[in-house]
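In: quick one, what's the 3D model for this:
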Amino acid sequence: MEQKLDLHLKGIYFLFIAAWLIILSAAMLYSEGSIAPLVMVFVIPAAILIHVIGVTRTLPFLALVLPFSIEAGTGLGDLHLFIPSEPVEGIICLAALITLTFNFKHVQLLRSLLFVVCLAYMGSFIFALVFSTMPIVSVKAAMMRLSYFCCFLLVPYMLFQSRHEYYIRLMKLYMIGLSVIVLYTLFRHSLYDFSKDYSGTACKPFFSDHTIYSASLTFLVPSAILAGLNSVKQYARILLFAVSALLILAIFFSFSRAAWISALAVLMFSAVLYLRIRFRWIMLAILAGALYIGVQAPEYVWKLRQNNYDSNARNAGIEEQVRSVTNTRSDQSNAERVNRWSCAIRMFQDKPWTGFGPGTYQFQYLDYQLPDERTAISVTDPYHIEEGKGGTAHNELLLALSENGILGFVFLLLIMVLSMYYGTQVIYRHPLKSYRVACTAALLGLVSFYVHSLFNNFLDADKIAFLFWSSIALIIVSFQDLKQRAYER
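Out: Numbering: from 1, shown residues only. Coordinates of the predicted model:
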């Protein structure tokens, strides 16, 4: 009887929080003037209430609404927010800080090397902020990144400590929203006969373009497939396999070459995990491949310049799309990426230790473009960017290198390496299948992101930041549990 009553109370709490946060989002969307009254009247009381009820109970709602968030004006000058996700994230972040202040058991996080490196990566934003060339821009960017870290890593960590299986549940909730958007996108795309030229805008207004849309899809496919394979109920298994097929179909029609490469990388890494290849051999293979490419670079550059396949050609077919991946001469999309990468390296050479400051790349790189590297889609005015010409460094590591300096680059690279090491250890050694399954889903999702991040950067977008940081949180919890079990033996 008491358990039933507790379940009903939880449902009431959830509905109350959902209604409160939706009202808050609407108030922020339509309010005029100062934002301070909104903070006092809504945000602080809501954060205290969520702290009392339990900050982790907001995660299901957040996972469900994230895919549906759209950018909207607030009536407060140039301030734009993604509604309803960003107001919700701000409140959850404040509630999480209150919870951490009064609940010291989570201090064991500091015993995780991966978490310490994540914390150091966040520290690089604060350090770069001090020396920023555009302080106001950097303050906004750093606050956003720190709130994502708090909301998407710390809060899931609190949840996964006692209920690690909730990782798959959160991914399922995200899939529900994303599946609706996939159906919407495919319907809009079908009106244009699934033309490649329309693929970049079919997912609007929920995703800014097909790259971030496809990155979300490739991240979630492993979770969908593994959840289906491990479902006890047949109807759930059939439904999850149907969702998996829908997501894979959407990846194909996204016409995102980075997503296609990421999906291939996930397949290859799945084989590595199935064969239980040790992490040291994985890293040696990656380093050997990088060294070989570095030695043969001149020859490869010459061969790449002979490639004339263009992904931007009108109604380019699948073959042209695939073959154009290595065309850096006439393919404008590829050439512009090379231009952005080169600018990031030159910016790093000017400010190797401090960087230019969080969020400044899109404003500062323009002066580092060389005339012979500019393309037809190069940006000349950061305040008036035409459709299809946006983005920043198009590489997560190079963006960190240019904005946060060498420290940001090193810490982000260490996060990638350590998460793969921790993840493989849990998958190979943990005695409980539930941990192994959850970690496999998280690690394969991260692998898809790591490969995709070579061509785009999305950690400044909450739709991807949620998937990334919650997966890191799951791997930290799972590895800590593995170590605790080994110690108790």
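In: what are the contacting residues of stretch 91-101?
Out: Residues from elsewhere that reach stretch 91-101 (CB atoms under 8 Å, 6 or more residues apart in numbering): 21, 24, 43-44, 46-48, 50-51, 55, 58, 62, 106, 147, 150-151, 154-155, 158. Glycine gets a C-beta too; all of them are placed from N, C-alpha and C.
In: low-confidence ranges in the protein?
Out: In the predicted model, the chain carries pLDDT under 70 at residues 1-41, 73-79, 103-107, 293-331, 381, 384-390, 489.
In: surely Ala441 touches Leu229?
Out: No: in terms of CB atoms under 8 Å, Ala441 does not count as a neighbour of Leu229; the distance is 10.4 Å.
In: contacting residues around Ala376?
Out: Residues counted as contacts of Ala376 (CB under 8 Å, 6+ apart) are Gln332.
In: now it: how far from Leu370?
Out: Distance of Ala376 to Leu370, given as CB to CB, to the nearest Å: 15 Å.
In: check His210 too.
Out: Applying CB to CB, one obtains 29 Å for the distance of His210 from Leu370.
In: which one's more surrounded, these two?
Out: Neighbours were counted for His210 and for Leu370 using other CB atoms under 10 Å; His210 has more, 26 against 10.
In: thought that one was touching Ser199?
Out: Yes: the pair His210 and Ser199 qualifies as a contact (CB under 8 Å) at a distance of 5.1 Å.
In: what do these two both touch?
Out: The contact sets of His210 and Ser199 overlap at Ser254, Phe255, Ser256 (CB under 8 Å, 6+ apart).
In: TSV for those residues, including secondary structure?
Out: Formatted as TSV, the entries for the shared contacts of His210 and Ser199 read as follows, by DSSP: H, G, I helix; E, B strand; the rest coil:
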residue	secondary structure
Ser254	helix
Phe255	coil
Ser256	coil
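In: what's the burial count for Ile176?
Out: 12.
In: show me what counts as buried in the host helix or strand of it.
Out: Mapping Ile176 onto the secondary structure by DSSP states H and E places it in helix 166-190. Within helix 166-190, the residues that count as buried by 16 or more other CB atoms under 10 Å are 166-175, 177-179, 181-182, 185-186, 189.
In: and it, what other elements does it pack with?
Out: In this structure, helix 166-190 makes packing contacts with helix 59-65, helix 155-162, helix 210-229, helix 234-254, helix 433-452, helix 462-488, judged by 3 or more CB pairs under 8 Å, 6 or more residues apart in numbering; DSSP states H and E.
In: could you point out which element follows the first one?
Out: This points to helix 59-65. Trace forward from helix 59-65 with DSSP H and E and the next one is strand 70-73.
In: give me the sheet partners of the helix or strand following that following strand and which way each runs.
Out: Moving toward the C-terminus from strand 70-73, the first helix or strand encountered (DSSP H and E) is strand 80-83. With DSSP bridges as the test, strand 80-83 is paired with strand 70-73 (antiparallel).
In: how many neighbours does Ser216 have?
Out: Close neighbours of Ser216, defined as other CB under 10 Å, add up to 32.
In: repeat for Leu482
Out: 20.
In: cool, Lys233 as well?
Out: The local packing of Lys233 (other CB under 10 Å) involves 8 other residues.
In: so who does the residue nearest to Ser69 when sequence neighbours are not counted touch?
Out: Beyond its immediate neighbours in the sequence, the residue positioned closest to Ser69 (CB to CB, 6 or more residues apart in numbering) is Ser85, lying 3.8 Å away. Taking CB under 8 Å, 6+ apart as the contact definition, Ser85 lies against Leu62, Val65, Leu66, Ser69, Asp462, Lys463.
In: what of Ile44?
Out: Under the criterion of CB under 8 Å, 6+ apart, the contact partners of Ile44 comprise Leu94.
In: the helix or strand in which it is found: which residues count as buried?
Out: Secondary structure assignment for Ile44, by DSSP H and E: helix 44-53. Neighbour counts using 16+ other CB under 10 Å place Ala46, Ala47, Ile50, His51, Ile53 of helix 44-53 among the buried residues.
In: do stretch 190-204 as well
Out: Residues of stretch 190-204 classed as buried by neighbour count (16+ other CB under 10 Å): Lys196, Tyr198, Ser199, Gly200, Thr201, Ala202, Cys203.
In: most centrally placed residue in this protein?
Out: Within the chain, one residue has its C-alpha closest to the average C-alpha position: by CA atoms, centre = their mean, that is Ile464, at 2.5 Å.
In: ok, the closest residue to that residue other than its chain neighbours - contacts?
Out: When the adjacent residues along the chain are set aside, Ile464 lies closest to Phe458, with 3.9 Å between them (CB to CB, 6+ apart). Counting by CB under 8 Å, 6+ apart, Phe458 makes contact with Thr211, Ile212, Ala215, Glu396, Phe449, His452, Ile464, Ala465.
In: and Phe458, which of the three is it?
Out: Under three-state DSSP, the three-state class of Phe458 is coil.
In: residues contacting whichever strand or helix holds Ala265, please?
Out: With secondary structure defined by DSSP H and E, Ala265 is part of helix 257-274. Under the criterion CB under 8 Å, 6+ apart, residues 211, 214-215, 217-218, 221-222, 248, 251-252, 282, 311, 321-322, 324-325, 424, 427, 440, 443-444, 447-449, 451-452, 454-456 lie in contact with helix 257-274.
In: Throw together a PyMOL command that grabs the buried residues out of these.
Out: Buried members of those can be picked out in PyMOL with the line below, counting by 16+ other CB under 10 Å:
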select buried, resi 211+214+215+217+218+221+222+251+282+311+321+324+325+424+427+440+443+444+447+448+449+451+452+454+455+456
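In: how far off centre is the helix holding Ile176?
Out: 16 Å (CA atoms, centre = their mean, to the nearest Å).
In: just stretch 369-377 next, same as before
Out: Taking the mean of its C-alpha atoms, stretch 369-377 sits 29 Å from the chain's own mean (CA atoms, centre = their mean).
In: buried set for that stretch?
Out: Along stretch 369-377, these residues count as buried under the neighbour rule (16+ other CB under 10 Å): Gln369, Glu373, Thr375, Ile377.
In: ok, stretch 428-444 next?
Out: Using 16+ other CB under 10 Å as the burial criterion, the residues of stretch 428-444 that qualify are His430, Tyr435, Arg436, Val437, Ala438, Cys439, Thr440, Ala441, Ala442, Leu443, Leu444.
In: okay if I get those residues as a markdown table plus distance to Trp469?
Out: Compiled in a markdown table, those are given as follows (distance: CB to CB, whole Å):
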| residue | distance to Trp469 |
| --- | --- |
| His430 | 21 |
| Tyr435 | 19 |
| Arg436 | 21 |
| Val437 | 20 |
| Ala438 | 15 |
| Cys439 | 15 |
| Thr440 | 18 |
| Ala441 | 15 |
| Ala442 | 11 |
| Leu443 | 14 |
| Leu444 | 16 |
